[in-house]
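Asks: Following is a predicted model, sequence given first.
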Amino acid sequence: MSNDAIAKLRAIVGEQHVIDAAPDMAGHLKGSGIPLAVVLPGQTSQVSDIVKLANQLNLKISVGGAVADTKNLDGGIALIMSRMNNLLEIDRENLVAHVEPGMSHLEFIRQAAAQNLNFPVDPYRFEASSIGGCFAVGDTDAKSFQYGPTRTYLLGFEMVLPTGEVLDIGNKCIKNVAGYDFIHFAVGSQGTLGIFTKLLVKLLPMPETKASVVATFPTIKQASESIQTLVKRNIHPTRVSLFSQPLAAGIVPGIADQLVMIGFEGFKESTKALTREIAAVFSLAGGGGVRVIEDRAEHDELWQKWQAAKGRLNCGYSTQTIDYSVGPLKLAKSLDGLAGIVGDLASWPGINVEALLGNIRVVLPAAMPEEDKAALAVKINALAMAHGGNVSDCLGARLVCESYRDTEMWETVTGLLETIRRQFDPQGIMAPGVIFS
């Protein structure tokens, strides 16, 4: 069947756009699974025909902008959207853009900026993220406190459903939903409900100015307490990030302390006043190397290094991290509690805090056994719940249910998710690596 399937795929997209030699496929894949082929469609009708063929032959499909996940994809199709990478329209009057999903997230930001427009959502992975992946993953963005969550920037889309049918939904109006909000329901679905083929994206005017404040602190405790002082004083920048020394070294080579980075996007005079106030707070709190960066090019270079560091976390550490969230005012106490569980935080491979989101990422030792990781996750979840939060993702939802000894709740949640998934994908061919359990 494999030769027959490959021949049919080539008939759909052209021979040069089907890759079935293992060495040539490798650059488009992550994970240990071995798909039948990597396929690069060039238009919506081809995506639809590929999905219909997959249903006929019962082949799994995993989708990516440049790289597809091969978990549970053995013998299936890795669908790479990089050929569908055009910016179809920028409507300056309505502050929207029509774009194909395979366009690089960074390239989309650059092309919008060339029109003096802003797409504020940061790439999930600095170099490899596509704009389709931005909404398929739908991860909470570090600038969400100021700009709102990622989902609010999607006004509509064209999508190939798991049956091969094409759905076109949404328009350029901000109020464009009646009844169930499927537009935003699709954000974060990770390809389980369908494949984006066109996206209608909201844009914003470019901020008048950008500025940063950076400082180093001898301990994570000092750094977190200084950040908490900002929150108490109602100083709310665009981004507030803390990196422990091992991670900070990936941004500032040779750094010996913890790094705090504050980013502002807004009006010139108010930004100038706030950056100076933050610099004073950090200096009084014992921060070293406190600097205000007002030059736009230097600011952008700093945050590009930040994005690259975040991208390495999102990619390289995905199975060796525990993420949890608490209220922003509980960060310092939460980090104290975390130290009570794991010991000296500075000795760990990495701690990353996105303070405005109340999110803490703990990078685990590479050789930590799975049973030790699971036991640690239970302890961290108990800590997070004590401060009004929980461990992130499906793992966190399961741990919350387990903490209440409510297996029925967990079975109900996962059962509902799987029921919705099967309504869209009756043969279960889409995104085999995404498991709601």
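Replies: Thanks, I have it.

Asks: so when I look at residue 399, I'm seeing a helix, right?
Replies: Yes. When DSSP: H, G, I helix; E, B strand; the rest coil is applied, residue 399 is found to be in a helix.

Asks: Local confidence estimate at it?
Replies: On pLDDT, residue 399 comes in at 86.

Asks: ditto for residue 316
Replies: Residue 316 is assigned a predicted lDDT (pLDDT) of 53.

Asks: now swap in residue 414 and tell me
Replies: 86.

Asks: which residues of this protein score low on pLDDT?
Replies: Filtered on pLDDT under 70, the chain yields the residue ranges 1, 315-319, 437.

Asks: Okay, domains of it per the record?
Replies: 2-80, 87-205, 209-391 (automatic domain parsing).

Asks: To residue 432, which of the ones you listed lies closest?
Replies: Checking these against residue 432 by Cβ to Cβ gives domain 2-80 as the closest, at 3.7 Å. C-beta here means a position set from N, CA and C on the backbone, and glycine is covered the same way.

Asks: any idea how far the closest one is from the chain center?
Replies: Remark: domain 2-80 is offset 24 Å from the chain centroid, using Cα atoms, centre = their mean, to the nearest Å.

Asks: Could you tell me the end-to-end distance of it?
Replies: 19 Å (Cα to Cα, to the nearest Å).

Asks: sorry, back to before: looking at the domains of the chain, spot the one closest to residue 431.
Replies: Nearest to residue 431, of all the domains of the chain, is domain 87-205, at 4.0 Å by Cβ to Cβ.

Asks: end to end, how far does that closest one reach?
Replies: Its first and final residues considered, domain 87-205 spans 18 Å by Cα to Cα.

Asks: can you put the domains of the chain in JSON lines and add distance to residue 415?
Replies: Shown next, in JSON lines, are those (distance: least, Cβ to Cβ, whole Å):
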{"stretch": "domain 2-80", "distance to residue 415": "20"}
{"stretch": "domain 87-205", "distance to residue 415": "15"}
{"stretch": "domain 209-391", "distance to residue 415": "20"}
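
Asks: To residue 405, which of these lies closest?
Replies: domain 209-391 (13.0 Å).

Asks: now the longest helix seen in the chain, how far from the centre of its chain.
Replies: For the chain, the helix that runs over the most residues, judged by DSSP state H, is helix 296-316. Computed by Cα atoms, centre = their mean, the chain-centroid distance of helix 296-316 equals 14 Å.

Asks: As CSV, the domains of the chain with mean neighbour count and distance to residue 414 would be great.
Replies: As requested, the domains of the chain are arranged in CSV below (neighbours: other Cβ atoms under 10 Å; distance: least, Cβ to Cβ, whole Å):
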stretch, mean neighbour count, distance to residue 414
domain 2-80, 19, 17
domain 87-205, 19, 13
domain 209-391, 18, 16
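
Asks: Residues contacting the longest helix of the chain, please?
Replies: 122-129, 139, 142, 209-212, 214, 239, 241, 243, 247, 250-252, 261, 263, 293, 321, 350, 352, 361, 363 (Cβ atoms under 8 Å, 6 or more residues apart in numbering).

Asks: Can you give me the end-to-end span of stretch 251-269?
Replies: 28 Å.

Asks: Also stretch 32-51?
Replies: In stretch 32-51, first residue to last residue: 23 Å (Cα to Cα).

Asks: Now the longest helix of the chain - C-alpha only, PDB.
Replies: Extracted in PDB, the C-alpha atoms of helix 296-316 (Å, rounded to 0.1, in the frame of the first residue of the first chain):
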ATOM      1  CA  ARG A 296      15.100  50.700  19.600                       C
ATOM      2  CA  ALA A 297      17.700  48.600  17.800                       C
ATOM      3  CA  GLU A 298      19.400  47.600  21.100                       C
ATOM      4  CA  HIS A 299      16.000  46.900  22.700                       C
ATOM      5  CA  ASP A 300      15.000  44.700  19.700                       C
ATOM      6  CA  GLU A 301      18.300  42.800  19.900                       C
ATOM      7  CA  LEU A 302      17.900  42.100  23.600                       C
ATOM      8  CA  TRP A 303      14.400  40.700  23.200                       C
ATOM      9  CA  GLN A 304      15.400  38.600  20.200                       C
ATOM     10  CA  LYS A 305      17.900  36.900  22.500                       C
ATOM     11  CA  TRP A 306      15.100  36.500  25.000                       C
ATOM     12  CA  GLN A 307      12.900  34.900  22.300                       C
ATOM     13  CA  ALA A 308      15.700  32.600  21.200                       C
ATOM     14  CA  ALA A 309      16.200  31.500  24.900                       C
ATOM     15  CA  LYS A 310      12.400  30.900  25.300                       C
ATOM     16  CA  GLY A 311      12.400  29.000  22.000                       C
ATOM     17  CA  ARG A 312      15.100  26.700  23.300                       C
ATOM     18  CA  LEU A 313      13.000  26.100  26.400                       C
ATOM     19  CA  ASN A 314       9.900  25.400  24.300                       C
ATOM     20  CA  CYS A 315      11.700  23.000  22.000                       C
ATOM     21  CA  GLY A 316      14.600  21.300  23.800                       C
END
